[in-house]
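*Asks:* Just a sequence and a predicted model for now, questions to come.
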Amino acid sequence: MQPKPPKTRGNMTRAPTRDADDMVESAVARRLQVPDAVAEAVCQWHRERPELDASPMLIFGRIARIFSLQRSAQAKVHGPFGLSHAAFDMLANLRRSGAPHRKTATSLARSSLISTGGATFRMDGLEEAGLIQRVRDPVDRRVVYAELTAEGLAVIDRAIERHLELFEHLLADLDDEERSQLVALLAKLEASVARHGQGLADTS
């Protein structure tokens, strides 16, 4: 049986290039100095399937690992306030909206990128904790808002201070120029993923 030729970029994968090999070799070099799960995974694929270009994993694998590490650190900061990630996100959403710090479940869902049902579930927990209250619109009684209580406002004001201190701490090894470059590159990557990820057919 003849081996299949490498697929093209348009078919979601491509043959490795010299640049890709250089990236893998660089990852190997780093792994010899510092244990690195992402680089190790890429090196293993390079060894087992050398005809494939696994170098994109150096980007997406790194993003996934950063997200995991950041969420773990965030949980330690939010925990003393009795807040989960979801609870913090909703309180922060209401706080940054400005007085009177209220939104409908639909508005919260849209700005938090979750379903309306998910927003309602979060509202239930926060209302039970006394951090928000449900308030009906005085004109249209069918409209219900989630509104920060005085306690909720106090909690999120303390929590956001610690939250931003944590982010600054996590970014301590990057200077201002590196941060600006990273912001621009991440925005470009997000746009690329959003553009090229739309309308993908299920290949399973």
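*Replies:* Cool, the structure landed.
*Asks:* residue boundaries of the helices in the protein?
*Replies:* 18-33, 37-48, 57-78, 85-96, 105-112, 116-128, 150-170, 176-197 (DSSP state H).
*Asks:* What's the separation between the most centrally placed residue in the chain and Q74?
*Replies:* Centrality entry for the chain: nearest residue to the mean C-alpha point is F67, 5.9 Å, by C-alpha atoms, centre = their mean. F67 is 10 Å from Q74, where distance means C-beta to C-beta, to the nearest Å. From N, CA and C alone the C-beta is placed, and that goes for glycine too.
*Asks:* How about T149?
*Replies:* 23 Å.
*Asks:* again with E161
*Replies:* For E161 relative to Q74 (C-beta to C-beta), the value is 14 Å.
*Asks:* which of these two has more neighbours?
*Replies:* Using other C-beta atoms under 10 Å, the more surrounded residue of E161 and Q74 is Q74, with 18 against 11.
*Asks:* Next, the contact list for the more buried one, please.
*Replies:* H85, F88, H163, L166 (C-beta atoms under 8 Å, 6 or more residues apart in numbering).
*Asks:* burial of the closest residue to H101 other than its chain neighbours, as a residue count?
*Replies:* Distances taken as C-beta to C-beta, 6 or more residues apart in numbering place L148 nearest to H101, at 4.0 Å, with adjacent residues excluded. Neighbour count of L148, defined by other C-beta under 10 Å: 25.
*Asks:* Output the below-cut-off pLDDT ranges for this structure.
*Replies:* 1-35, 201-204 (pLDDT under 70).
*Asks:* Could you rerun that using 80?
*Replies:* The model of the chain has pLDDT under 80 over residues 1-35, 199-204.
*Asks:* so how many other residues sit close to the closest residue to L91 other than its chain neighbours?
*Replies:* Spatial nearest neighbour of L91, chain neighbours left out: I156 (4.1 Å); criterion: C-beta to C-beta, 6+ apart. Counted by other C-beta under 10 Å, the residues lying close to I156 total 25.
*Asks:* With R136 instead?
*Replies:* Residues near R136, counting by other C-beta under 10 Å: 11.
*Asks:* and the residue nearest to it when sequence neighbours are not counted, how far is that from T116?
*Replies:* Closest residue in space to R136, ignoring its immediate chain neighbours: V144 at 5.6 Å, by C-beta to C-beta, 6+ apart. Distance, V144 to T116, using C-beta to C-beta: 12 Å.
*Asks:* Give the intersection of the neighbour lists for the two.
*Replies:* Joint contacts of V144 and T116 (C-beta under 8 Å, 6+ apart) are A105.
*Asks:* Just the buried residues of the contacts of Q74.
*Replies:* F88, H163, L166 (16 or more other C-beta atoms under 10 Å).
*Asks:* Make CSV from those and add distance to R96 to it.
*Replies:* Compiled in CSV, the buried ones among the contacts of Q74 are given as follows (distance: C-beta to C-beta, whole Å):
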residue, distance to R96
F88, 12
H163, 12
L166, 17
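*Asks:* ok, the nearest residue to G61 once chain neighbours are set aside - contacts?
*Replies:* Leaving aside its chain neighbours, G61 sits nearest to V38 (4.1 Å; criterion: C-beta to C-beta, 6+ apart). Neighbouring residues of V38 by C-beta under 8 Å, 6+ apart: A27, M57, L58, G61, R62, R65.
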